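**Student:** Next come a sequence and a model predicted from it.
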Amino acid sequence: MDSSSGARPVYTMGIAAELLDLPPATLRLYERKGLVSPARTDGGTRRYSEDDIDRMRRIADLQTDGVNLTGVGKVMNLQDENAELRASLDRNRLG
């Protein structure tokens, strides 16, 4: 796991749902569709990080714009790949 504070899984499902103003069932759907992968406690309780919250906010925004979950997955994958490529370019420029 990333050591940045944004990657630290601290929010329960109830808190995450409240922060996002979404029902918990929607968060479970996002997980089932592979759009988000929350950490789990030893007892199996989901724990969401600030990065997860940001990701789910982007997912919800795309849905509000009319993108279905299959399309959301594709958009999110492209955004993730783009971010990785940009980070790689930045590292190469500095190194």
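**Tutor:** That came in fine, so what should we check first? Numbers count the residues shown, from 1 in each chain.

**Student:** Quick check: His72 touching Thr64?
**Tutor:** Small correction: residue 72 is Val, not His. No. When contacts are counted by C-beta atoms under 8 Å, Val72 is not listed as touching Thr64 (10.8 Å). Quick note: C-beta positions are derived from backbone N, CA and C, even for glycine.

**Student:** higher neighbour count, those two?
**Tutor:** Of the pair Val72 and Thr64, Val72 is the one with more neighbours under other C-beta atoms under 10 Å, namely 20 against 8.

**Student:** The helix ranked longest in the chain - what's its average pLDDT?
**Tutor:** Counting residues, the longest helix in the chain under DSSP state H turns out to be helix 69-94. Confidence for helix 69-94, expressed as mean pLDDT, is 94.

**Student:** now do stretch 31-47
**Tutor:** If you average the per-residue pLDDT over stretch 31-47, you get 96.

**Student:** Any idea how far apart the tips of it sit?
**Tutor:** Stretch 31-47 has an end-to-end distance of 12 Å (C-alpha to C-alpha, to the nearest Å).

**Student:** And the contacts of that stretch?
**Tutor:** 1, 9-13, 16, 27, 30, 48-49, 52, 55-56, 59, 69, 72-73, 76 (C-beta atoms under 8 Å, 6 or more residues apart in numbering).
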